[in-house]
Structure formats: C-alpha cells, structure tokens
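Enquirer: Quick one: sequence plus predicted model below, questions after.
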Amino acid sequence: MMPRRTAALFLFLVSPLWAQGTKVPATLADLQRQYDDETEKAVRAVNEKRLKAIDGWLKAHPAKGDDRGTALIAAAEVASGLQKNAESAAYAQKYLEELPTGPARLQAGNLAGQGLLSLGKDAEAQKAFEAALEGAKPADEVVEVVEALGLLHLKAGRKDEALKTYEQVETIFGKGAASFVKGLKEGADKLFTAPPPLEAKDLEGKDLTWDRFKGKLVLLDFWATWCGPCVGEFPNVLRVYRKYHDRGFEVVGISLDKEREALDKFLKEKGAPWPQNFDGQGWQNAVAKKWGVQSIPATYLISPDGKIIRMNLRGPKLEQVVAMNLPRK
C-alpha cells in the first residue's frame, strides 16, 4: 500500500492531467519529465517578461544612480539565466562603466566575464575577471572569478599564472581556504589534458571507449546509489542530459555500487538513459582506480576534441558550462 504522504503527492501531480483530459504518463519518471519541461517553459516565459520590463525601466531612467545600478545587475542576472550571454555581459559592463566603484562591482565583473567567456571572447573575459578581483572582499563570486580566470590561464598554457590566481582565494578568505586552494592546484594538473583511456563495458555488455563518444561533450560521472550527494544531484544531471543530448551532450556513469540489484532498481525508477559501467568492486572499480577517484560524486567534463575541461560540476553550474561548450543553435 502506498504511504499516505506519497499517495497525496502523486495525486497532486497527476490530478491536473486528469482535469485537462490528458493521458497520464506510463511511469513516474515520465510524469516528472513532463512537469520539469512545463515548469522550465513557464519559468523562462516569466523571466523573458521580467527582462523586458527591467530593460524598459532602464530606458526610461537613464540617469546614473544606485537604483539604475541595481536594475543593471538584475538584468544581467536574468539574461544570464536565459543564456542570453551577450546581453548579460552588456548589462554588467554598463554597470561597471556607470558605477566603477559600486557595491556590486565584483558581481558585475563576474557576470561580464562569464558572458564574454561563453561568447569565446577570452581576452576580454580575462580583463573583466582581473578587474573584478581588484580589492575584492570575501564573497561567493570570488571563487567563481578565480576558477574562471585560472581556467583561462590553463587553457592558454600559463600554468604558473593559474596557480598564482588560485592563491588569491586564500589571500582574500584567509588560511581557512587553504585546502580549497590545494584542490584547485591539484586539479590544474588534469585540466586541458587528454583523459586516461576508457576501457570498460556498459550494463548491456557493450564496449565503453572514448571512440564511442567521439566528437561529443561527455560528462564522466563517478557515483553510487548509496551516496546521498550523488542521488541528490542525479535529477539535475538527468535534466541537463535531456535538455542538451540532442546537441551532442553525453553522460557516462561509473557506478561504485557492489550490488547490481540496487543499481538496476534505481536506474529503472529514475529512467536514466545513458550508459553505466558496473563491475561490483565498489571503490576498487577498475575505471575509478585508473582515474584515482577517492571520493564521490566526482565528475569530469570531456570536450569534443578529447580534453578534460572541467571537474566536479554540480547544480546550476553544470548546465551553464555544458551550454557554453556545445555548438550554438
């Protein structure tokens, strides 16, 4: 018998479908996918209206000031969420032009840099990030800016500059950030290098090799059904996969489970469509050992030309980076 709370939630989800005379999806995963799609469309529509309204307000209030600065930052954030990167960068750069010492200077520099970076304007993005860090105080944006700037240096072969950039986190946040900085520096040895060979089998016995995903953007995901953070992130990975798979995004799961039954049950319930590797060895999984994985979740994003370009992407950042590295529509 279905628990009372679960039954109530299920009825809440499907009752609007019945009311509309729509056929109820065959599985709960299909139902969730339908509502995810509808929710995303609704949120996008609202944000499109919001951006248009803010832009209208900005045009009606051209005089420089704090309110206008707040509106410029809001417009940059909304445009970024809509993946209108050129518009986001333009709003953020306008803020920096009008309020060069304003309270949102770090935030504006980050938005400008991220927007320019997604447009392939690396040199301009670098200047925006460097300017954003000048006199920066502890804030979430500092970490984003430092990581992005470090990646730009690594991409250009300037490893020493990347390491110096990472040290700015400790300079700004203090010794408490030492372990985080150490992790960034250790990751620098892997980024923009070719990944280790992928020589494994999927659950159907088919070969899992890089040749199978040639020319694709691939997220290699080390996880397990017993890992709480892995399970918590799973819906986000699934959503991003469904949204970008047709544009060349692939996911390869490397399960550190020991029980095949638990894995099969989880995948059936969640409707995960990408290939999975499982050898029942847990932490001794052959692929995990080759990659030196010591904690999960652990993810690596492999570019279409076969280079590790990001590590441990989660939450909204996963979609942002995936979208940035796929061919534009």
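Expert: Happy to help now that I have it. Given the structure is predicted, the values throughout are model-derived calculations rather than measurements.
Enquirer: alpha carbons only for contacts and neighbour counts from here, please
Expert: OK.
Enquirer: would you list every one of the helices in the stretch 101-250 of the chain?
Expert: 105-118, 122-133, 140-155, 159-173, 178-188, 228-244 (DSSP state H, counting those that start in this stretch).
Enquirer: which of those is buried the deepest?
Expert: Compared across the helices of the stretch 101-250 of the chain, helix 105-118 shows the largest average neighbour count, a mean of 27 (mean count of other CA atoms under 10 Å).
Enquirer: And it, what does it pack against?
Expert: helix 66-81, helix 85-98, helix 122-133, helix 140-155 (3 or more CA pairs under 8 Å, 6 or more residues apart in numbering; DSSP states H and E).
Enquirer: do that again at 7 Å, thanks
Expert: Identification of packing neighbours for helix 105-118 by 3 or more CA pairs under 7 Å, 6 or more residues apart in numbering; DSSP states H and E yields helix 85-98, helix 122-133, helix 140-155.
Enquirer: picking up where we left off before, closest to Val43 out of the helices of the stretch 101-250 of the chain?
Expert: helix 228-244 (14.8 Å; CA to CA).
Enquirer: What lies in contact with that closest one?
Expert: Applying CA atoms under 7 Å, 6 or more residues apart in numbering, the external contacts of helix 228-244 come out as Trp223, Ala224, Thr225, Phe249, Glu250, Ala272, Pro297, Gly315, Glu319.
Enquirer: one more time with 8 Å, if that's ok
Expert: Helix 228-244 is contacted from outside by 33, 36, 223-225, 249-251, 272, 296-297, 314-315, 318-319, 322-323, using CA atoms under 8 Å, 6 or more residues apart in numbering.
Enquirer: Out of these, which sit inside helices?
Expert: Arg33, Asp36, Gly315, Leu318, Glu319, Val322, Ala323 (DSSP state H).
Enquirer: Which pLDDT value belongs to the second one?
Expert: At Asp36, the pLDDT value in this model is 75.
Enquirer: Show the pLDDT at Lys41.
Expert: For Lys41, the predicted pLDDT is 88.
Enquirer: and it, that one's in a helix?
Expert: Yes: checked against DSSP: H, G, I helix; E, B strand; the rest coil, Lys41 lies within a helix.
Enquirer: okay, now it: neighbour count?
Expert: The number of residues packed near Lys41 is 12, by other CA atoms under 10 Å.
Enquirer: for the protein, what are the low-confidence residue spans?
Expert: The model of the chain has pLDDT under 70 over residues 1-22, 25-30, 328-329.
Enquirer: Adding distance to Gly282, write the helices of the stretch 101-250 of the chain out as CSV.
Expert: As requested, the helices of the stretch 101-250 of the chain are exported to CSV (distance: least, CA to CA, whole Å):
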stretch, distance to Gly282
helix 105-118, 37
helix 122-133, 41
helix 140-155, 31
helix 159-173, 33
helix 178-188, 24
helix 228-244, 15
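Enquirer: Those: which one's closest to Ala262?
Expert: helix 228-244 (12.7 Å).
Enquirer: now the angle from that closest one to helix 315-324?
Expert: 30 degrees (axes from the mean of the first three to the mean of the last three CA atoms, to 10 degrees).
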